[in-house]
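> Sequence first, predicted coordinates after that:
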Amino acid sequence: MTGIRKIAAILAADIVSYSRLAGADEERTLARLRALRSDLIDPTISIHRGRVVKRTGDGAIVEHGMIERNAGLPPERRIDFRIGVHVGDVVEESDGDLMGDGVNVAARLEGVAKPGGVCISEDAYRLIKGKLEIAVDDLGEQRLKNIAEPIRAFSWEVGANARSAPQSAAPSEKTAATLALPDKPSIAVLPFQNMSGDPEQEYFADGMVEDIITGLSRIKWLFVIARNSSFIYKGKAVDIRQAGRELGVRYVLEGSVRKAGNRVRITAQLIEAETGAHLWADRYDGALEDVFDLQDQITDRVIGVVEPSLRQSEIDRSRRKRPESLGAYDLYLRALFHVSLLQPEDVAVATALLEDALKQDSNYAAAHALIARCHEMRYMAAGFDEKEKSAALRHAHAVIAAGADDPTALAIAAAVIAQLERGHQMALRVIERALSLNPSSATAHYFGARILAFTGDAAGAVAHAQRALRLSPFDRMAYEAHGALGIVAFYESRYEDAAACYARAAQIVGFSSFYFGQAIALALAGRMDEAKPLVTRGLTLEPRFRLRLFAEFGLQPSIVEKFFAGGRLLGLPE
């Protein structure tokens, strides 16, 4: 049978120094590569209606677009791609494979690309020129192996440009949408540089910034960008003006922490993002046991600069309740890092750290909340063990009983109670309390969106989800907002919208439930051919999956029935 001839956009990608990475740690490299494929590459291709034609070892040929992402590790452990893109004539064989010069040109251009860069043919560049704000270098005509005619090519070094921009340079070409400033003072606290010379102390510098963000966030009139979004700039030379545009803030706080023995030095400076003008800078030295007082001084001074007329009582509200022991605080910070990875082995490590923290400070609300989330995650992922459920609820109620003034701890406790106890009304009251303490708590808005979506309050869920995404536009917890919006779309029978929401959620975290949700939505929309590969992907991640899992989530019965109806169309077990 003769193949079908057509014009297609072809992307060929290959991992730089794959043999070296695999030789150093083959098991870890393969695991990271599988995660990139399942969490980023495949979902992105699906969203843009592309398809993977074939995988060639560590490479891939893709019919459509893909966004390359660096894994955020030290240079020797990064997974960097070379990518070649061409638009040209191809022949699609009966088995779906693509042949012809269009494929060969893309593959040869990939070999020309620099590590972390993209090499684009003139035919491909002509289609995007003037439509995308990217800076390219004209490489001139390239003679490519086994290609008869020279091909004019253009180079786009995405990762290199982002990493090498000097702090004092003018803003580069925009790579993210500019966000409008909110109607009240707004601030982002960028990661403080660890000047201790000890990589193990990164958690201490990061924890300092998190506490400053928390303190500022409790000021009701101040719009504060959440930690997970401001931390996308960690380890990079930052153009303050560009960061201000990308995050949609008027002010940026940056600084450094130097910890040596029992002494700590903290420097901080407040900058007006639009002009780059330095509004205030200071340095604080003290003993380690006074670190919270130093942090309070920084928070107070920033507030004083932004709003000189602020009453002292408002300043006092910016101070969060402290753990009784610095040791417990250190343990909590270490656990927080592991929980954010959302992997079973990391959750186990975090649980042990938090148990030790609570031995030192049994009333530490933040630790109770985080360990409740750990037990909830283990319950949902490990066969619904009642011991895990009981432990999660015990710690969640401990947060509320302690009268916590920590909005993040309250929001986590509310989510656990809603999920495992079906205590939706109580959970919503706790969310309201968290937001009364900190209206800028992205975590409270994310979990509020989830709880309201589960109860069928579509308008409330959408409002919380949109607010959360605005407060923390780069937050990994955005999967909660997209998941909630997907449930709302199911509730309103907008199945194609639901599929798009679940695709975005899966792109962030790659949970099997999001792949199944996307597949079921596509099935109900009549797009069975697109749904079936997603079912395969979901079952690969969770072979024991049953449709009753959606009932375990505590969704409204009418929504659960829609999930069951779509699941039956796909032949999923109940």
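Yep, that arrived. Residues are numbered from 1 along each chain as shown.
> now the strands: where do they sit in the chain?
Shown for the chain, the strands assigned by DSSP state E span residues 4-15, 51-56, 59-63, 81-92, 98-99, 118-121, 137-142, 151-156, 186-189, 193-194, 223-224, 251-260, 263-272, 277-287.
> Those: lowest mean pLDDT?
Per-segment confidence across the strands of the chain bottoms out at strand 59-63, which has a mean of 45 in mean pLDDT.
> between the strands of the chain, which gets nearest to R494?
For the strands of the chain, proximity to R494 was assessed by CB to CB; strand 51-56 is nearest, at 24.6 Å. Glycine gets a C-beta too; all of them are placed from N, C-alpha and C.
> which stretches of the stretch 251-400 of the chain aren't confidently modelled?
The stretch 251-400 of the chain contains residues with pLDDT under 70 at 290-291, 294-295, 297-326, 382.
> just to revisit the earlier point, want to try a markdown table for the strands of the chain, with mean neighbour count and distance to A205 as columns?
Putting the strands of the chain into a markdown table (neighbours: other CB atoms under 10 Å; distance: least, CB to CB, whole Å) gives the following:
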| stretch | mean neighbour count | distance to A205 |
| --- | --- | --- |
| strand 4-15 | 19 | 31 |
| strand 51-56 | 15 | 40 |
| strand 59-63 | 21 | 37 |
| strand 81-92 | 22 | 30 |
| strand 98-99 | 17 | 49 |
| strand 118-121 | 27 | 34 |
| strand 137-142 | 13 | 36 |
| strand 151-156 | 20 | 33 |
| strand 186-189 | 27 | 12 |
| strand 193-194 | 18 | 4 |
| strand 223-224 | 24 | 19 |
| strand 251-260 | 21 | 4 |
| strand 263-272 | 19 | 9 |
| strand 277-287 | 13 | 14 |
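> Mind putting the ones you listed into JSON lines with distance to S362?
Below are the strands of the chain laid out as JSON lines (distance: least, CB to CB, whole Å):
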{"stretch": "strand 4-15", "distance to S362": "48"}
{"stretch": "strand 51-56", "distance to S362": "52"}
{"stretch": "strand 59-63", "distance to S362": "51"}
{"stretch": "strand 81-92", "distance to S362": "48"}
{"stretch": "strand 98-99", "distance to S362": "62"}
{"stretch": "strand 118-121", "distance to S362": "54"}
{"stretch": "strand 137-142", "distance to S362": "60"}
{"stretch": "strand 151-156", "distance to S362": "55"}
{"stretch": "strand 186-189", "distance to S362": "30"}
{"stretch": "strand 193-194", "distance to S362": "31"}
{"stretch": "strand 223-224", "distance to S362": "30"}
{"stretch": "strand 251-260", "distance to S362": "27"}
{"stretch": "strand 263-272", "distance to S362": "27"}
{"stretch": "strand 277-287", "distance to S362": "26"}
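> Among those, which comes closest to A523?
Closest to A523 of these is strand 51-56 (CB to CB; 18.4 Å).
> how much space between I10 and I134?
Taking CB to CB, to the nearest Å as the measure, I10 falls 19 Å from I134.
> and what of P199?
Here the distance between P199 and I134 works out to 34 Å (CB to CB).
> Comparing those two, which shows the higher neighbour count?
For P199 versus I134, the count of surrounding residues by other CB atoms under 10 Å is larger for I134: 17 against 9.
> quick revisit: the strands of the chain: which one's closest to G538?
Distance to G538, taken as CB to CB, is lowest for strand 51-56 among the strands of the chain, at 16.8 Å.
> nearest spatial neighbour of G88, skipping sequence neighbours?
Nearest residue to G88, sequence neighbours excluded (CB to CB, 6 or more residues apart in numbering): G102, at 3.3 Å.
> from memory that neighbour sits against V87, does it?
Yes - when contacts are counted by CB atoms under 8 Å, G102 is listed as touching V87 (7.5 Å).
> which residues do the two both contact?
Any residue near both G102 and V87 by CB atoms under 8 Å, 6 or more residues apart in numbering counts here, and that gives 7-8, 10.
> quick revisit: please list all residues in contact with the residue nearest to G88.
With contact taken as CB under 8 Å, 6+ apart, G102 is in contact with 7-8, 10, 86-90.
> want to throw these into TSV with distance to A461?
As requested, the contacts of G102 are arranged in TSV below (distance: CB to CB, whole Å):
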residue	distance to A461
I7	42
A8	39
I10	40
H86	43
V87	41
G88	45
D89	47
V90	44
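> List just the nearest of the residues you listed to A411.
When the contacts of G102 are compared for distance to A411 (CB to CB), I10 comes out closest, at 45.5 Å.
> Nearest to the spatial middle of this protein, which residue is it?
Nearest to the centroid of the C-alpha atoms of the chain, with distances taken as CA atoms, centre = their mean, sits R476, at 2.3 Å.
> domain parsing for this protein?
As assigned by automatic domain parsing, the chain contains the domains 4-164, 186-317, 371-569.
> tell me the contacts of the closest residue to Q142 other than its chain neighbours?
By the measure of CB to CB, 6+ apart, the closest residue to Q142 outside its immediate chain neighbours is A153, 4.8 Å from it. Contacts were defined as CB under 8 Å, 6+ apart; by that measure A153 touches 109, 112, 119-122, 139-142.
> ditto for A348
Shown in contact with A348 (CB under 8 Å, 6+ apart): R378.
> Which single one of the contacts of G102 is nearest to F490?
A8 (33.6 Å).
> what sits opposite that closest one in the beta ladder?
Applying DSSP bridges to A8 gives these bridge partners: G88.
> Do I have it right that it meets G100?
No - taking contact to mean CB under 8 Å, the distance of 9.3 Å between A8 and G100 leaves them out of contact.
> what do these two both touch?
If you check A8 and G100 against CB under 8 Å, 6+ apart, the residues they both contact are 88, 90.
> Please name the nearest non-neighbouring residue to F447.
The spatially closest residue to F447, leaving aside those adjacent along the chain, is A415, at 4.0 Å (CB to CB, 6+ apart).
> and the gap between P473 and A434?
Taken as CB to CB, the span from P473 to A434 is 20 Å.
> Between those two, point out the one with more neighbours.
Between P473 and A434, counting by other CB under 10 Å, A434 is the more crowded of the two (27 against 20).
> looking at it, the more buried one is touching A411, isn't it?
Yes - A434 is within contact range of A411, at 4.7 Å (criterion: CB under 8 Å).
> what do these two both touch?
441, 444.
> tell me the phi and psi of the residue nearest to C119 when sequence neighbours are not counted?
If you skip the residues right next to it in sequence, C119 has A113 as its closest partner in space, 3.8 Å away by CB to CB, 6+ apart. Dihedral angles phi and psi of A113 (degrees, to the nearest 10) take the values phi -60, psi 150.
> Same check on Q343?
Taking degrees, to the nearest 10 as the convention, Q343 sits at phi -110, psi 140.
> ok, it - how many residues close by?
Q343 has 14 nearby residues by other CB under 10 Å.
> The one 10 residues further on now?
The burial count assigned to L353 is 23, neighbours taken as other CB under 10 Å.
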